[in-house]
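J.: Pasting the sequence and the predicted coordinates here, then a few questions.
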Amino acid sequence: LGIAILAIDGPSASGKGSVAQRVAEVLEFAYLDSGALYRLTALAAQRAGVGWNDEHSVAQIAQSLDVRFENERVLLAGQDVSAVIRSESIGVGASQVAAFAAVRQALLARQRAFATKQGLVADGRDMGSVVFPDAQLKIFLTATAEVRAERRYQQLIARGESADLAAITRDLQSRDERDAARTEAPLRQWHDALLLETSGLNLDQVVECVLSSWKTRM
Ligand code: C5P
């Protein structure tokens, strides 16, 4: 294709989003937050009164999602839902609808459309395995469950939300288990992905690490 693509996959709260966004800024690439599409699908289903277990109806909703990404904001049917889709309950819904093949299929073309000549940094669970198998660089970003729960906890506190570390740890664990156990695009380190264990690193260090891997690849 000749399009520069950097794929970053990994479990919940591994820091993928922050890292991918910063790397995209530095490289002046577009950024795809694929998890947001699953979150938007879960939210749109909820608003339409469709159950997260109804594969057929949820897939239709995914197919016809009216979404716009504007800088930091995400608009669903013209309404700013940036904060709403970040809630833990929508995260759980996202991981339920993401287990359905028809839903993943419905979101595939939409994700690939983010790849333009400008270049793309994409983050999710199956960026390197399914959506962009030809990506020049694939990274599997992870951290221990404790570190990830702590990061998510600090993120919620910083936003002024109430947070319960034990509940977050449980939630992350069950979400990761569901994401890894499903047959459709399960969460796992792809064979040609570079493993980046970030437990002892801060955001700047991880960004530096990704950028230097990218430079040596290109
Ligand atoms: O990355 P984020 O936590 O926003 O993703 C929410 C959920 O969406 C994940 O738990 C996962 O089940 C699903 N997802 C996915 N494939 C992606 C991105 C997200 O299945 N590429």
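T.: Okay, I see it. Residues are numbered from 1 along each chain as shown.

J.: which element is the closest residue to residue 56 other than its chain neighbours on?
T.: Closest residue to residue 56 apart from its sequence neighbours, by C-beta to C-beta, 6 or more residues apart in numbering: residue 102 at 6.8 Å. Yep, even glycine has a C-beta here, placed from its N, CA and C like the rest. Using DSSP states H and E, residue 102 sits in helix 101-112.

J.: What residues sit buried inside that helix?
T.: Neighbour counts over helix 101-112 (16 or more other C-beta atoms under 10 Å) mark 102-104, 106-107, 111 as buried.

J.: Reformat those into JSON lines and put pLDDT next to each item.
T.: JSON lines is the format used below for the buried residues of helix 101-112 (pLDDT from 0 to 100):
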{"residue": "102", "pLDDT": "98"}
{"residue": "103", "pLDDT": "98"}
{"residue": "104", "pLDDT": "97"}
{"residue": "106", "pLDDT": "98"}
{"residue": "107", "pLDDT": "98"}
{"residue": "111", "pLDDT": "97"}
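
J.: With respect to residue 79, which of those is nearest?
T.: Lowest distance from residue 79 to the buried residues of helix 101-112 (C-beta to C-beta) belongs to residue 107, with 19.8 Å.

J.: Wait, that closest one touches residue 41, no?
T.: Yes: look at residue 107 against residue 41 with C-beta atoms under 8 Å: they come within range, at 7.2 Å.

J.: Need the residues touching each of the two.
T.: Shared contacts of residue 107 and residue 41, defined by C-beta atoms under 8 Å, 6 or more residues apart in numbering, are found at residue 62.

J.: Show the secondary-structure elements that the longest helix along the chain is packed against.
T.: When the chain is scanned for its longest helix (criterion: DSSP state H), the result is helix 165-181. Helix 165-181 sits against helix 88-97, helix 145-158, with contacts defined as 3 or more C-beta pairs under 8 Å, 6 or more residues apart in numbering; DSSP states H and E.

J.: Show me which residues of the chain sit near the ligand.
T.: Residues of the chain lying close to the ligand (C-beta under 6 Å from any ligand atom) are 12, 34-35, 38-39, 91, 94-95, 98, 124-126, 175, 179.
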